[in-house]
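Asker: need coordinates for the following:
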Amino acid sequence: MTAATGDEWRGWRAAAREALYGPGGFYRRVEGPAGHFRTSVHASGLFAGAVARLLCRVDEALGRPAVLDFVDMAAGRGELATGVLDALPAEVAARTRAYAVEVAERPEGLDHRVEWLAAPPRGTAGLLFANEWLDNVPVEVAEVDSAGVTRLVLVREDGTERLGEPVDGASAGWLERWWPLPGEEGLRAEIGLPRDEAWATAVATVDRGLAVAVDYAHTAGARPPFGTLTGFREGRETAAVPDGSCDITAHVALDACALPGGRLLPQREALHALGVTGARPPLTLASTDPTAYIRALANAGEAAELTAAGGLGDFGWLVQPVGIPDPLTR
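Answerer: Here you go, the predicted model:
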């Protein structure tokens, strides 16, 4: 961050973009996202295993091509891409071309099989998987003033806010369609249009296969009345301050992002379909094979966390097939 911008009033979209992705921004730090918050990828290797099984289903739907693509959007430090490669059957792994898409520099020691890119490759035949990406696509914030007018929220680098001009144009149209605000002072919304556009651009890179976005989400009829803009630092939720010191995130209106043919489902349902259930092993296994019982019990605990109501299980999955049947419906 530069001192020259400290007192400047800007919309949240520009402020967050610089704070997250600008020189010295939060997502360019060496420790990466895992140093500040825990996603499903970090919670358990079972998640990468489930994504690997999904990739195998896509592979089957594509007729087992000579080259199978796996694109990990917002890859952090490549944890998911590496985990998926390790979890694939050897024959499928040998055909898989893995890409990690991230703004930061390639981390040292990353598996040589993972290609590091700043943008997704075009012409993908396989699976594009975006875990907790869209919530970090910066958006404008709107708030209703005392006269019932919906205005943009402006912010300084220290997090101080004030109201700006009335929302108009495409942003106003998006709010009317996807997140209408009654004229009650203080109600807020995040204008998700940039996320809709980012998702459409990502899906357009897939020639055939599947695109999946996994994120904190809400849908029409259950929008939070005061928005969800927040920050995370060192594993704790904190105020959203656009100075590069913390993550800045807001839940995603995934129903607005969905393209024709896409569908939404909760993470617990998606993972159940991919074999992650959280079922405890039978007690008889404890006497016949204690080591296997302990291992299965640990897996059950991790699976339960990934699918828990009120936690990771409530994440939304936006599943977008491109030229193949939906592999999660079988």
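Asker: check which residues of stretch 193-203 are buried.
Answerer: L193, P194, R195, D196, A198, W199, A202, V203 (16 or more other Cβ atoms under 10 Å). Using the backbone N, CA and C atoms, a C-beta is placed for each residue, glycine as well.
Asker: which of these fall within strands?
Answerer: Using DSSP state E, no member of those falls in strands.
Asker: looking at the residues you listed, which are in helices?
Answerer: L193, P194, R195, D196, A198, W199, A202, V203 (DSSP state H).
Asker: distance of G316 relative to S171?
Answerer: 23 Å (Cβ to Cβ, to the nearest Å).
Asker: contact partners for V84?
Answerer: A48, V51, A52, L55, F70, D72, A98 (Cβ atoms under 8 Å, 6 or more residues apart in numbering).
Asker: in what helix or strand does it lie?
Answerer: Using DSSP states H and E, V84 maps to helix 79-87.
Asker: got it, and W174?
Answerer: Per DSSP H and E: helix 169-178 holds W174.
Asker: tally up the residues packed near D314, please.
Answerer: Neighbour count for D314, taken as other Cβ atoms under 10 Å: 14.
Asker: show me what contacts it?
Answerer: D314 makes contact with P266, Q267, R268 under the criterion Cβ under 8 Å, 6+ apart.
Asker: now do the helix holding V84, average pLDDT.
Answerer: Averaging pLDDT along helix 79-87 gives 95.
Asker: picking that back up, out of the ones in helices among the buried residues of stretch 193-203, who's nearest A87?
Answerer: Distances from these to A87 were compared by Cβ to Cβ; the smallest belongs to A202, at 23.1 Å.
Asker: mind putting the buried residues of stretch 193-203 into CSV with distance to R330 and pLDDT?
Answerer: CSV is the format used below for these (distance: Cβ to Cβ, whole Å; pLDDT from 0 to 100):
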residue, distance to R330, pLDDT
L193, 34, 98
P194, 34, 98
R195, 29, 98
D196, 29, 98
A198, 29, 98
W199, 24, 98
A202, 24, 98
V203, 22, 98
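Asker: alpha carbons of the helix holding W174, as CSV, please.
Answerer: C-alpha atoms of helix 169-178 as CSV (Å, rounded to 0.1, in the frame of the first residue of the first chain):
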residue,chain,number,x,y,z
GLY,A,169,-26.3,1.5,-14.6
ALA,A,170,-25.6,-2.2,-14.7
SER,A,171,-24.9,-2.3,-10.9
ALA,A,172,-28.4,-0.9,-10.2
GLY,A,173,-29.8,-3.5,-12.6
TRP,A,174,-28.0,-6.3,-10.9
LEU,A,175,-29.3,-5.2,-7.5
GLU,A,176,-32.9,-5.0,-8.8
ARG,A,177,-32.6,-8.5,-10.3
TRP,A,178,-30.6,-10.4,-7.7
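Asker: what's it packed up against?
Answerer: strand 140-144, strand 188-191, helix 193-203, helix 254-257 (3 or more Cβ pairs under 8 Å, 6 or more residues apart in numbering; DSSP states H and E).
Asker: wait, which of these is closest to P242?
Answerer: Comparing those by Cβ to Cβ, strand 140-144 comes nearest, at 11.3 Å.
Asker: what pairs with the helix or strand following the closest one, parallel or antiparallel?
Answerer: Downstream of strand 140-144, the next assigned helix or strand under DSSP H and E is strand 150-155. The pairing partners recorded for strand 150-155 under DSSP bridges are strand 10-11 (antiparallel), strand 140-144 (antiparallel), strand 161-166 (antiparallel).
Asker: on that earlier part again, out of G316 and S171, which sits in the busier spot?
Answerer: The neighbour comparison of G316 against S171 (other Cβ under 10 Å) goes to G316, with 23 against 20.
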